[in-house]
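Colleague: fold the following and give me the result.
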Amino acid sequence: MSTEHVDPGHGHSPAAWTAVVIMLLAFTIGTVAFFFDVQWLVWASAALLVVGIVVGWALARAGYGVDGDKVAPKAH
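Modeller: Numbers count the residues shown, from 1 in each chain. Okay, here's the model as predicted:
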């Protein structure tokens, strides 16, 4: 058994951070809109949530994901 620990990355990449920030913003806007009963804004925030998923996937495919060719590895 190897004693070397292999870190799978856990999403520490520009693609993951961008997707999470967009989705957190969408969730926050949607929660506030739901509280104030602004139905169109709730649905718009749901669409923004989907946009966050697509942006994260697109950035990962473009090389900005974990172990992507455009991401410089960090020394721990």
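
Colleague: helix/strand/coil for Phe27?
Modeller: helix (DSSP: H, G, I helix; E, B strand; the rest coil).

Colleague: show me what contacts it?
Modeller: Neighbouring residues of Phe27 by C-beta atoms under 8 Å, 6 or more residues apart in numbering: 45, 49. All C-beta atoms are positioned from the backbone trio N, CA, C, and that covers glycine.

Colleague: got the confidence number for it?
Modeller: With respect to pLDDT, Phe27 scores 98.

Colleague: and it, how far from Ala16?
Modeller: With distances taken as C-beta to C-beta, to the nearest Å, Phe27 is found 16 Å from Ala16.

Colleague: give me the three-state assignment for Ala60.
Modeller: Ala60 is classified as helix under three-state DSSP.

Colleague: next, count neighbours for it.
Modeller: 19 (other C-beta atoms under 10 Å).

Colleague: wait, isn't it in contact with Asp69?
Modeller: No - with contact defined as C-beta atoms under 8 Å, Ala60 does not reach Asp69; the gap is 11.5 Å.

Colleague: what about this structure, any weak spots by pLDDT?
Modeller: The model of the chain has pLDDT under 70 over residues 1-11, 74-76.

Colleague: quick one: the helices in it?
Modeller: For the chain, applying DSSP state H gives helices covering 14-35, 39-59.

Colleague: okay if I get those as TSV plus distance to Pro73?
Modeller: Output for the helices of the chain, formatted as TSV (distance: least, C-beta to C-beta, whole Å):
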stretch	distance to Pro73
helix 14-35	13
helix 39-59	17
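
Colleague: out of the ones you listed, nearest to Gly65?
Modeller: helix 14-35 (4.5 Å; C-beta to C-beta).
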